[in-house]
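Undergrad: Could you work out the structure for the sequence below:
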Amino acid sequence: MVGLLFLTFIFSFYYKDGKIKVIMKVLKRDLKHGLVEVRTETLDDLWYLSQIVEEGDKVSGRTVRKVKGKDDKLRAEQAERKPMFLEIRVESVEFDQNSNRLRILGSITQGPDNVISLGDHHTFEVGENTQITIIKPRWGAHHLKYLDDAKASSKRARIMVAIIGDGEATVATIRESGVSFVDTRESLGGKYVAGKEAKKLEFYAKLAGLLGDVAEKSSVEKIILGGTGFEKRNFYDYLKEKDAKLAKRCSVTDTGSEGKRGVHEILKGGAADKALSESRIAKEAQYVDKLLTEIAKDGLAAYGFKETGGAVDSGAVDVLLVSDKVLRKDREKVEKLIEKAKSAGGDFHILNSKYEAGERLDGLGGVAALLRFKV
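TA: All right, here's what the predicted structure looks like:
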């Protein structure tokens, strides 16, 4: 089987906080035969794979499948689960950020003849620390960029933003796969209500516990505390006294908005430091903000397939922006734009339509470009 050929178990390690961590590594890259083999480690890796693996691809690896007994009379729920090597032709891909799983469904094309039937359906449950081989008819530039981005993302700090108000906080974890939010609230009562300070300390303790748990689970290295009032600073002072280790990861900044709006304000880069500005989601927000600014002043921007295509043909594109929704819908058309833009020295970026920047790009037709010169 092609998936079993030349298996090279190469891992990439880095040392951080006294721990050895493994990052996603491309174990084999044979584009002549359309084959790439990877091992996952983080939730971000699963998101990148969800963008890479498509209908019609072949995916192979070790998996577990229910197998009936020899007499074929066992009920399905009583069938024995056995580990085996399988290859499937992909029919659908589902990424569930909440369960940390990527599900790849397809029909079996290779496997042990004595226990499976070719054409039967099987689902690969890809989680952290999973090794799979992907075979494509053709690896496009955007596929390879996702692979490179996955490698680069492992070197970036994981970021968390907490927008803190009076007895309430919105906590956002910034991953390459997107932004996940958690809200926490505590009723503190009015300014002169008895016991308010004690309740506020309880809220601080609850928030500190939440930040600590999320930071540990998501390997967060930087926490930005924001908000419109004084509570972010008050909480930071509390944290320095109660959990100095966690406080060292924190910085404090002002925002003009509370809640999710405050988070998006930071993501747009106005209050972000270098670590945040390197995150994929922040870059997407910055690209779209710059695009809208250029459009508003009839400057160096193009949007929509027709206008953007003309800019690409003229070699004027500096950065081509495409939403993943449009890429899935008009893949061949988009791939031609990407290749033309690259051949003229331009860059490109695929935006996630689930988040604000991608939604705004979809509102412009899902395709746009920042230009070197007007056309």
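Undergrad: quick one, phi psi at residue 259?
TA: Summarising the backbone geometry of residue 259 under the convention degrees, to the nearest 10, its torsions are phi 60, psi -150.
Undergrad: who's in contact with it?
TA: With contact taken as CB atoms under 8 Å, 6 or more residues apart in numbering, residue 259 is in contact with 163, 170, 183. C-betas here are computed from N, CA, C, even on glycine.
Undergrad: Scan the residues you listed and report the most crowded one.
TA: Using other CB atoms under 10 Å as the neighbour test, the contacts of residue 259 are led by residue 163, with 28 neighbours.
Undergrad: Report the contact partners of it.
TA: For residue 163, the set of contacting residues under the criterion of CB under 8 Å, 6+ apart consists of 169-170, 172, 226-227, 232, 255, 257-260, 262-263.
Undergrad: Strands of the stretch 201-350 of the chain, residue ranges please.
TA: Using DSSP state E, counting those that start in this stretch, the strands of the stretch 201-350 of the chain run over 220-226, 250-252, 301-303, 317-323, 347-351.
Undergrad: need those strands in TSV with mean neighbour count, can you?
TA: Formatted as TSV, the entries for the strands of the stretch 201-350 of the chain read as follows, by neighbours: other CB atoms under 10 Å:
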stretch	mean neighbour count
strand 220-226	22
strand 250-252	16
strand 301-303	24
strand 317-323	23
strand 347-351	21
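Undergrad: what residue ranges in the protein score low on pLDDT?
TA: For the chain, the stretches with pLDDT under 70 are 1-24, 68-79, 97-100, 153-157, 176-178, 189-195, 269-279.
Undergrad: next one: stretch 357-372 to chain centre, how far?
TA: 19 Å (CA atoms, centre = their mean, to the nearest Å).
Undergrad: now do the same end-to-end measure for that stretch.
TA: End-to-end distance for stretch 357-372, by CA to CA, to the nearest Å: 22 Å.
Undergrad: the longest helix in the chain is where?
TA: The helix that spans the most residues within the chain, counting by DSSP state H, is helix 196-217.
Undergrad: Can I get that one in CSV? Just the C-alpha atoms.
TA: What follows is the C-alpha trace of helix 196-217 in CSV, where atoms were taken according to Å, rounded to 0.1, in the frame of the first residue of the first chain:
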residue,chain,number,x,y,z
LYS,A,196,-19.6,44.1,47.5
GLU,A,197,-15.8,44.0,48.0
ALA,A,198,-16.0,40.3,49.2
LYS,A,199,-18.1,39.4,46.2
LYS,A,200,-15.6,41.2,43.9
LEU,A,201,-12.7,39.2,45.3
GLU,A,202,-14.8,36.0,44.7
PHE,A,203,-15.3,37.2,41.1
TYR,A,204,-11.5,37.8,40.7
ALA,A,205,-10.7,34.4,42.1
LYS,A,206,-13.2,32.8,39.7
LEU,A,207,-11.8,34.7,36.8
ALA,A,208,-8.2,33.9,37.7
GLY,A,209,-9.1,30.2,37.9
LEU,A,210,-10.8,30.4,34.4
LEU,A,211,-7.7,32.1,32.9
GLY,A,212,-5.4,29.6,34.5
ASP,A,213,-7.4,26.6,33.3
VAL,A,214,-7.7,27.9,29.7
ALA,A,215,-4.0,29.0,29.7
GLU,A,216,-2.9,25.5,30.7
LYS,A,217,-5.2,23.7,28.3
